[in-house]
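Visitor: okay, predicted coordinates and the sequence, questions at the end:
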Amino acid sequence: MKLSNLSLSVKMLIGVFLGVFTALFLGDRVSWLSVVGDIFIGLLQMTVLPYIMFSLIVNIGRLNLETGRKLVRYGGVFLLMLLGLGLVGLLVLPLAFPTWDSGNFYSSDFIAPKVQLDFVSLYVPANLFESLTGNVVPAVVLFSIFLGLGVLAIKEREVLLKPLDVLTKALNQVNKMVVKFTPYGVFAIAAGVVLELSFDDLARLQGYLLIYLIAVLLYTFVILPFVINIFTPFSSRKVLKSLQSTLLTIFATGKIIVVFPQLINDIKEILSSNFDDTDKAEQEVELIMPLAYPFPNLGTFLIFIFVPFAAWFSGASLSLDQQPLFLSSTLLNSFVAPITGLPFSLDVMSVPQDTFQLFVVSNVLTDRIRVVLGAFHLVTLTLLTVSALQGWLKFRSVALTKALIVTLILGAGSVIGTRMLLKESLKNIPSNAEVFNQFELINEEQPFDVVRNPGANANLTRDESILSRIKRTRTLRVGFYRESMPFAFVNNQDKFVGYGVDLAHKLAADLQVKILFVPIANKPLEDLFENDVIDIVMSDIFLSNVYAQTLTLSDPYLDVSLALLVKNNFNGLDSFEQALALDSFNVAYFKVTEIAEEFLNNFSNARKTEIFSYDEYFDSLFVAENQIDAFMTSAERASDLTILHPDYKVVNPLPYRMFNALVFPVANDVTWQNFVNRWIDLRSQDGTFDRVYKQWILGIEDREEERSWSILDDMILMSDN
């Protein structure tokens, strides 16, 4: 068979497979193909907004009042019906997530301002050209509606509408010209997508990706086709066949809007294949599709299944009484792009914001299947509305019965099967705790010992500084708090690691000395320095007035945000209002009395209890006896503690963010203090502090960026060597 005789959809499939193979075979050598893919998407997109705008103006301008009322009434009813089907999916599909205990690394989202959805700029075209430039479709649609209504009141409206009608057809022709290059465009796009994918990310996201894929398949190929069969005269099989090449283009590009004219043409062909005179119905299609586009579609609606996934991934789940809030917030947020609406939903449901990074990673895949369901939603809504307007609407009870049986069987089988599959596959995926315990020191390890009671340092000779003595004895004494994760702790491989430990090795390497680590335990820091036991403390020491008066401190090296660590099932401290509503609550703290008092001064019903080791807060008997509700520490430390204790979460009940700085207490010697300050400045400038922070606080392992795997490099050339 000649290539020219193949259908467009077959050519596109060939392009996709060739793109995937090319990326797998050549790897990073073809990374430039992603640019070609972007150019193709841009060419598809360039005519779309003008097409929508002019098409709406023309069709509304020729509309009569009665048809307009029916269109709004029928369209609204069918939209609510389809979204109602989506609500059922959001309630049922999360049941596929098995039990999963996890915690989360710290994310800067904890201190980021809450997302504010600007519905005014989204829907009100105060500046049409700005809306067109920013691709703000709802605002452009609203402008077109008003202009169309304005034209409707003018007797000589055809003077304007005829040229606009010609222009609309010209834009459609341009789109058809670009569509001819689709097989080449999807080839480039497929290659670029494969190079972006990470198998580690896919492994951790498999629960969400799998359940969302199932949702898209069920709604696109089962539920919505049944809706078409139940209520319209059209065969869902013929509808899918007519749309196959367009849906493939949408999947490849990840955008509905770029093939909007093509979708409208497909629906017109479906109408003409069933009825002879479809001119009026085709005009209604050109009106309904652009009007329906800004409203929520099932593809975007069901993407919010990420919220229960994120809650599950964080070791929690949405309770039954949270479902009304979740569903209502989803309905609101589905009016905007998921990248904007999801952070708001996560915040509303008190799900850790750092899980949003997983969603960003997943966009490479989900965006492409989301728009396929979104496009079929638009087609279904249009066919239902046109059928109602034209009097073609029917109800087939037999088809409804069949739909209920098939959907129940497939839905239940999908949920149960996915749950079993995920339960088994999760056994092979390292938890955050396992990932954290596998981290190695970033800086080269220096010779070191850990000594509980080392005694005093060597005596200083005449006019000798602390820095000179460290170089003379070739030993740096570093104080630390035991098991103060993530700053200093022994991992499950019996290695002494952490943020402070890593920096200590770098400092020792710069001084060319060995390290003597000294556990501080409950000893006052002032005594350790006064007795000349240690040279520096490299744990997370908060800057405070008390320490500033009693100790010699370095310059701050890290700003942290204060937070509370509480049980997952305790929601009394999730917000300022909830905290004030409690009769009383008791907060534990370690060492930092002054900071704890400042934090709790915001609450007249708060009490505080000092603890003398971090482990005391996780001693259930001790906590029960002292009636402790929360532990105050930095959000950075608290987040990492949730990894070891996934039944805990990080909250901030204050109406604002309270920050503090971490410092290194040092021996009372100006030369030594100045050296440490200069060292902090130097190693901050060269990225050392940033690298250590990313690994031990954010959980991003420090390693060289790996090139993409390829058959040529990793199988053929490697075998030759």
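Guide: Alright, I've got the coordinates. Note that this is a predicted model, so its numbers are computed, not measured.

Visitor: where does the stretch 251-400 of the chain have low pLDDT?
Guide: Scanning the stretch 251-400 of the chain with the threshold set as pLDDT under 70 gives 314-316, 332-333, 335-337, 339-341, 344, 352-358, 360-364.

Visitor: which outside residues touch the host helix or strand of residue 245?
Guide: Under the criterion of DSSP states H and E, residue 245 resides in helix 236-253. Helix 236-253 is touched from outside by 7-9, 12-13, 15-16, 40-41, 44, 179, 182, 185-186, 189-190, 221, 224-226, 228-229, 256, 258-259, 262-263, 266, 269-270, 273, 368-369, 371-372, 375-376, 379, 383, with contacts defined as C-beta atoms under 8 Å, 6 or more residues apart in numbering. Glycine gets a C-beta too; all of them are placed from N, C-alpha and C.

Visitor: so which bits of it are buried?
Guide: With burial defined by 16 or more other C-beta atoms under 10 Å, the residues of helix 236-253 counted as buried are 236, 239-240, 242-253.

Visitor: domain map for the chain?
Guide: According to automatic domain parsing, the chain comprises the domains 3-428, 436-556+664-696, 558-662.

Visitor: hmm, residue 484 is touching residue 539, no?
Guide: Yes. Assessed by C-beta atoms under 8 Å, residue 484 is found in contact with residue 539 at 5.2 Å.

Visitor: common neighbours of the two, please.
Guide: Residues touching both residue 484 and residue 539 (C-beta under 8 Å, 6+ apart): residue 500.

Visitor: tell me the contacts of residue 576?
Guide: 602, 653, 654, 655.

Visitor: now those residues: which count as buried?
Guide: 653, 654.

Visitor: closest to residue 207 among the contacts of residue 576?
Guide: residue 653 (30.8 Å; C-beta to C-beta).

Visitor: re earlier: averaging pLDDT over each of the domains of the chain, which comes out lowest?
Guide: For those, mean pLDDT drops lowest on domain 3-428, to a mean of 81.

Visitor: host element of residue 561?
Guide: Using DSSP H and E, the element containing residue 561 is strand 558-567.

Visitor: and what of residue 126?
Guide: Going by DSSP H and E, residue 126 is not in any helix or strand.

Visitor: same check on the one 4 residues further on?
Guide: Residue 130 belongs to helix 128-133 when assigned by DSSP H and E.

Visitor: tell me which residues of that helix are tucked away?
Guide: Neighbour counts using 16+ other C-beta under 10 Å place 128, 131, 132 of helix 128-133 among the buried residues.

Visitor: now stretch 388-400
Guide: Residues of stretch 388-400 classed as buried: 388, 389, 392, 399 (neighbour count, 16+ other C-beta under 10 Å).

Visitor: first-to-last residue distance for it?
Guide: Stretch 388-400 has an end-to-end distance of 18 Å (criterion: C-alpha to C-alpha, to the nearest Å).

Visitor: show me what counts as buried in stretch 278-292.
Guide: Neighbour counts over stretch 278-292 (16+ other C-beta under 10 Å) mark 278, 281-292 as buried.

Visitor: top helix in this protein by residue count?
Guide: For the chain, the longest helix by residue count, based on DSSP state H, is helix 356-390.

Visitor: check which element follows it along the chain.
Guide: Counting by DSSP H and E, what follows helix 356-390 is helix 397-425.

Visitor: for that following helix, which helices and strands make contact with it?
Guide: Applying 3 or more C-beta pairs under 8 Å, 6 or more residues apart in numbering; DSSP states H and E, we find helix 397-425 packed against helix 199-218, helix 224-231.

Visitor: how about the ones you listed, which one is nearest residue 588?
Guide: helix 199-218 (32.5 Å).

Visitor: got the CA positions of that closest one in PDB?
Guide: Listed next in PDB are the C-alpha coordinates belonging to helix 199-218 (Å, rounded to 0.1, in the frame of the first residue of the first chain):
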ATOM      1  CA  PHE A 199      11.200   6.100  34.900                       C
ATOM      2  CA  ASP A 200      11.700   7.100  38.600                       C
ATOM      3  CA  ASP A 201       8.900   9.700  38.300                       C
ATOM      4  CA  LEU A 202       6.700   7.200  36.500                       C
ATOM      5  CA  ALA A 203       7.200   4.700  39.300                       C
ATOM      6  CA  ARG A 204       6.200   7.100  42.000                       C
ATOM      7  CA  LEU A 205       3.300   8.400  40.100                       C
ATOM      8  CA  GLN A 206       1.900   5.100  38.800                       C
ATOM      9  CA  GLY A 207      -1.100   5.200  41.200                       C
ATOM     10  CA  TYR A 208      -2.300   8.500  39.900                       C
ATOM     11  CA  LEU A 209      -1.400   7.900  36.200                       C
ATOM     12  CA  LEU A 210      -3.100   4.500  36.200                       C
ATOM     13  CA  ILE A 211      -6.300   5.600  37.800                       C
ATOM     14  CA  TYR A 212      -6.500   8.700  35.700                       C
ATOM     15  CA  LEU A 213      -5.900   6.700  32.500                       C
ATOM     16  CA  ILE A 214      -8.600   4.300  33.600                       C
ATOM     17  CA  ALA A 215     -11.000   7.200  34.100                       C
ATOM     18  CA  VAL A 216     -10.200   8.700  30.700                       C
ATOM     19  CA  LEU A 217     -10.700   5.300  29.000                       C
ATOM     20  CA  LEU A 218     -14.000   4.600  30.800                       C
END
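
Visitor: and it, what other elements does it pack with?
Guide: Helices and strands touching helix 199-218, by 3+ C-beta pairs under 8 Å, 6+ apart, are helix 298-302, helix 306-313, helix 356-390, helix 397-425.

Visitor: figure out how far it is from the centre of its chain.
Guide: Its chain's C-alpha centre lies 14 Å from the corresponding centre of helix 199-218 when counted by C-alpha atoms, centre = their mean, to the nearest Å.

Visitor: what angle do helix 356-390 and it make with each other?
Guide: Interaxial angle, helix 199-218 versus helix 356-390 (axes from the mean of the first three to the mean of the last three C-alpha atoms, to 10 degrees): 20 degrees.

Visitor: what does helix 199-218 rub up against?
Guide: Identification of contacts with helix 199-218 by C-beta under 8 Å, 6+ apart yields 89, 93-94, 96-97, 100, 299, 302-303, 305-306, 309, 312-313, 358, 361-362, 365-366, 369-370, 372-373, 407, 410-411, 414, 418, 421-422, 425-426, 429.
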